[in-house]
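Participant: sequence and predicted structure, then a few things I'm wondering about:
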Number of protein chains: 2
Amino acid sequence: MHAVVPYRVADPKTRLAPVLSPAERGTLSRAMLADVLDAVAATGHETTVLATEPLAVPGDTTHTVRVDDRPLTPAVDAVLAEHAGPDSPVAVVMADLALATPDALSGLFAADGEVVFAPGRGGGTNALVSRRPDFRTDYHGASYRDHRRGCERLGVSPTTVDSYRLGTDVDDPADLVEVLLHAPTDGRTRQFLAERFTLATGEGRVSVDRRE
Amino acid sequence: MHAVVPYRVADPKTRLAPVLSPAERGTLSRAMLADVLDAVAATGHETTVLATEPLAVPGDTTHTVRVDDRPLTPAVDAVLAEHAGPDSPVAVVMADLALATPDALSGLFAADGEVVFAPGRGGGTNALVSRRPDFRTDYHGASYRDHRRGCERLGVSPTTVDSYRLGTDVDDPADLVEVLLHAPTDGRTRQFLAERFTLATGEGRVSVDRRE
């Protein structure tokens, strides 16, 4: 399995601007990338960081950096077109899956199917595996629906893996709750956020408060 | 396994009031209950609906109704105190898990551990299994955190199952997206909502629009 982790270097995690400064968003984003790379490395697969510009990848794992300044969809599609096939599966794993563990990723990588999806909250496709040379992505909008339609056009019955860890990406302030509760306790992401936020409980779902 | 599905009869799903009328919220809530009961029944386990008042339970499954007009926590705790033990596990499954499937529930029921949790979005505990006579619940606030602390006090190492389907409960308008994309296509809940809403795609996560 060849795992690709796309990463946009400039101005990351803009939807977290209400609760995090630009510098903090950068640090959080790189912490999540490093944690995801660690989790992928622990499954024993080779990883490429598909970055919009050259970067010093954080963490201690070994990986290749491929620079492609295009938007997510064409950049990922170029990798799939070059590498994906029946004997050369390619996994695409989003860099903000702060709850990902080696076990959760292994479940995805080991799932049968020409195309395998780990859906994300709000219509996203947080991770996928393709064993087809002709499967292409469409990350705009309800990508999970569109990716299923793409499979239909190819005559492929996609597999969906059922994982809360892979289904949780970190985009909005409400997602920080998920990190504080469920991310690996030794991960950089949880440590970074736990230093700055506590859980706020009241009516309905829990939110986060800045520490004093 | 004895499965308990708590259900509050009066004024259900108030957080959906911005998008659904009171009558629609009642219909949706009962559709979700019926779908959850179907999914539990398909796993072959005995089910009790723990209702706040007598009700005609929708659907075709066989079940017991137990009426307890107290809030969720004491009503569930009474069942656990009476029935849960090493040889008589009790599952507590929320009635609004519209994405639940027999497979996802079987994964929970089959998991090892004295206490097993399926965490839900925003700090919830969407489903659990207890094989301890002394484990008690606390559904207010960040129940997942509080349930883990309760286990700690008992010297129990809880198990957590990783399921997007069980992790998704339907409380807020954003959750309707999850039903439209991921709930079983033959379920009452998805059919009810698909008649009334379509996906709305734009920037960020997908939302729903009323059909014209």
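Facilitator: Sure, I can see it.

Participant: please count neighbours and contacts with C-alpha atoms only from this point.
Facilitator: Will do.

Participant: flag every residue of chain A that's near chain B.
Facilitator: Contact residues (C-alpha under 8 Å from any C-alpha of the partner chain) of chain A with chain B: A:104, A:121-124, A:141-142, A:145, A:162-165, A:167, A:174, A:177-178, A:181, A:201-207.

Participant: again, only this time at 6 Å
Facilitator: A:122-123, A:141, A:162-164, A:201, A:205-206 (C-alpha under 6 Å from any C-alpha of the partner chain).

Participant: quick one: strands adjacent to the lowest-mean-pLDDT helix or strand in chain A?
Facilitator: In chain A, the helix or strand scored least confidently by mean pLDDT, DSSP states H and E is strand A:207-210, which has a mean of 93. Using DSSP bridges, the strands paired with strand A:207-210 are strand A:197-200 (antiparallel).

Participant: for chain A, what spans make up the strands?
Facilitator: Applying DSSP state E to chain A gives strands spanning A:2-7, A:46-51, A:64-67, A:90-93, A:115-120, A:124-130, A:159-160, A:197-200, A:207-210.

Participant: ok so, going back, ok, and what's touching the least confident helix or strand of chain A?
Facilitator: A:174, A:177, A:196-200 (C-alpha atoms under 6 Å, 6 or more residues apart in numbering or on different chains).

Participant: give me that answer again for 7 Å
Facilitator: A:174, A:177, A:196-201 (C-alpha atoms under 7 Å, 6 or more residues apart in numbering or on different chains).

Participant: ok, stretch A:40-60 next?
Facilitator: A:1-9, A:30, A:34, A:61, A:63-70, A:102, A:105-106.

Participant: quick check on those: which are buried?
Facilitator: Neighbour-count burial (16 or more other C-alpha atoms under 10 Å in any protein chain shown) is assigned, among the contacts of stretch A:40-60, to A:1-8, A:30, A:34, A:61, A:63, A:65-68, A:102, A:105-106.

Participant: would you list the phi and psi of residue A:8?
Facilitator: Taking degrees, to the nearest 10, you get phi -90, psi 120 for the backbone angles of residue A:8.

Participant: report the lowest-confidence entry in the residues of chain A next to chain B.
Facilitator: Least confident of the residues of chain A next to chain B in the model: residue A:205, at 73.

Participant: tell me how many other residues crowd it.
Facilitator: Counted with other C-alpha atoms under 10 Å in any protein chain shown, the neighbours of residue A:205 add up to 20.

Participant: and residue A:204, what pLDDT?
Facilitator: At residue A:204, pLDDT is 68.

Participant: nope, residue A:168 is what I meant
Facilitator: 98.

Participant: how about the contacts made by the spatially most central residue of chain A?
Facilitator: By C-alpha atoms, centre = their mean, chain A has its centre lying nearest to residue A:94, at 1.9 Å. By C-alpha under 7 Å, 6+ apart, residue A:94 lies in contact with A:5-6, A:126-127.

Participant: if you set the cut-off to 10 Å instead, what comes out?
Facilitator: A:4-7, A:32-33, A:36, A:125-128, A:166, A:169 (C-alpha atoms under 10 Å, 6 or more residues apart in numbering or on different chains).

Participant: try residue A:70
Facilitator: A:8, A:51-53, A:76.

Participant: distance check, it against chain B.
Facilitator: In this view, residue A:70 and chain B are 18 Å apart by C-alpha to the nearest C-alpha, to the nearest Å.

Participant: and that residue, its phi and psi?
Facilitator: Dihedral angles (degrees, to the nearest 10) for residue A:70: phi -80, psi 170.

Participant: and residue A:46, how far from residue B:179?
Facilitator: For residue A:46, the distance to residue B:179 (C-alpha to C-alpha, to the nearest Å) stands at 35 Å.

Participant: those two - which one has more neighbours?
Facilitator: Neighbour totals were compared for residue A:46 and residue B:179, and residue B:179 leads with 23 against 15 (other C-alpha under 10 Å).

Participant: chain neighbours aside, what residue packs nearest to that one?
Facilitator: residue B:190 (5.8 Å; C-alpha to C-alpha, 6 or more residues apart in numbering or on different chains).

Participant: tally up the residues packed near the one you found, please.
Facilitator: Residue B:190 has 24 nearby residues by other C-alpha under 10 Å.

Participant: same check, this time on residue A:114
Facilitator: 19.

Participant: in this structure residue A:75 contacts residue A:6, no?
Facilitator: Yes - with contacts counted by C-alpha atoms under 10 Å, residue A:75 reaches residue A:6, the gap being 8.5 Å.

Participant: between the two, what contacts are shared?
Facilitator: A:50-52, A:66-68.

Participant: among the residues you listed, which pair sits farthest apart?
Facilitator: A:52 and A:66 (8.5 Å; C-alpha to C-alpha).

Participant: overlap in contacts of these two?
Facilitator: A:6, A:75.

Participant: which residues of chain A score low on pLDDT?
Facilitator: For chain A, the stretches with pLDDT under 70 are A:203-204.

Participant: taking it, what residue is nearest to chain B?
Facilitator: Residue nearest to chain B within chain A (C-alpha to the nearest C-alpha): residue A:164, separated by 3.9 Å.

Participant: contacting residues for that residue?
Facilitator: So residue A:164 contacts A:99-100, A:104, A:118-121, A:182, B:118-121, B:161-168 (C-alpha under 10 Å, 6+ apart).

Participant: if we use 7 Å, what do you get?
Facilitator: Counted by C-alpha under 7 Å, 6+ apart, residue A:164 has contacts B:162-164, B:167.

Participant: likewise residue A:118?
Facilitator: With C-alpha under 7 Å, 6+ apart, residue A:118 has these contacts: A:125-128, A:160-163, A:166-167.

Participant: highest neighbour count among those residues?
Facilitator: Counting by other C-alpha under 10 Å, top hit in the contacts of residue A:118: residue A:166 with 30 neighbours.
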